[in-house]
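**Student:** coords below, sequence missing:
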């Protein structure tokens, strides 16, 4: 190995030993928590990888490196938006502002086989209007989530540009 020179030895050591170990240590926290049943974990992997790529763009000698880094940050923002359930949380907050914080009471079923959760809104004049309001807010949140998913899909579709 030394026959090719000490720099070659350093290159082989860095690329064959150090980087793979560093990659395993970098990905271990993400992989360790992975669950096969939820797309949230796929978003977590994407976010982790895109953050790693975005951090590396400072070393690029690419004409559009800053624009590409911004696209990556925007993609990470969309992923965070979906992972943190911002749409649903915002809808619930708006509903609570209008109808008050819900009170949940658990009562046994009349047949005695289970438990029924009854939700009431103490600040609401009409319970049915409060329930319909919650449904409307959640439908808006679902639509907003779908728009965010479409934007993320368009962003992921442009990934190939990040390397050209």
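**Tutor:** Arrived safely, thanks for sending. Everything numeric in this text was worked out from a predicted model, so none of it was measured.

**Student:** I'd like the distance between residue 84 and residue 69.
**Tutor:** Distance, residue 84 to residue 69, by CB to CB, to the nearest Å: 22 Å. In this view, the C-beta of every residue, glycine as well, is placed from N, C-alpha and C.

**Student:** how far off centre is stretch 95-110?
**Tutor:** On the basis of CA atoms, centre = their mean, to the nearest Å, stretch 95-110 is displaced by 29 Å from the centre of the chain it belongs to.

**Student:** repeat that for stretch 143-156.
**Tutor:** Worked out by CA atoms, centre = their mean, stretch 143-156 lies 12 Å from the chain centre.

**Student:** who touches it?
**Tutor:** Residues outside stretch 143-156 that contact it (CB atoms under 8 Å, 6 or more residues apart in numbering) are 46, 71, 74, 75, 78, 79, 81, 82, 87, 88.

**Student:** quick check: the two most widely separated of these?
**Tutor:** Maximum pairwise distance among these (CB to CB): 26.2 Å, between 71 and 88.

**Student:** the two: which has the busier surroundings?
**Tutor:** residue 71 (19 against 15; other CB atoms under 10 Å).

**Student:** quick check: that one touching residue 157?
**Tutor:** No - counting by CB atoms under 8 Å, residue 71 does not reach residue 157; the two are 11.5 Å apart.

**Student:** shouldn't residue 37 be within a helix?
**Tutor:** No - under DSSP: H, G, I helix; E, B strand; the rest coil, residue 37 sits outside any helix and is assigned coil.

**Student:** what values do phi and psi take at it?
**Tutor:** phi -110, psi 0 (degrees, to the nearest 10).

**Student:** can you give me the neighbour number for it?
**Tutor:** 6.

**Student:** of residue 84 and residue 69, give the one with the bigger neighbour count.
**Tutor:** When neighbours are counted by other CB under 10 Å, residue 84 and residue 69 differ, and residue 69 comes out ahead with 19 against 10.

**Student:** isn't residue 73 up against residue 51?
**Tutor:** No - counting by CB under 8 Å, residue 73 sits too far from residue 51 to count as a contact (9.2 Å).
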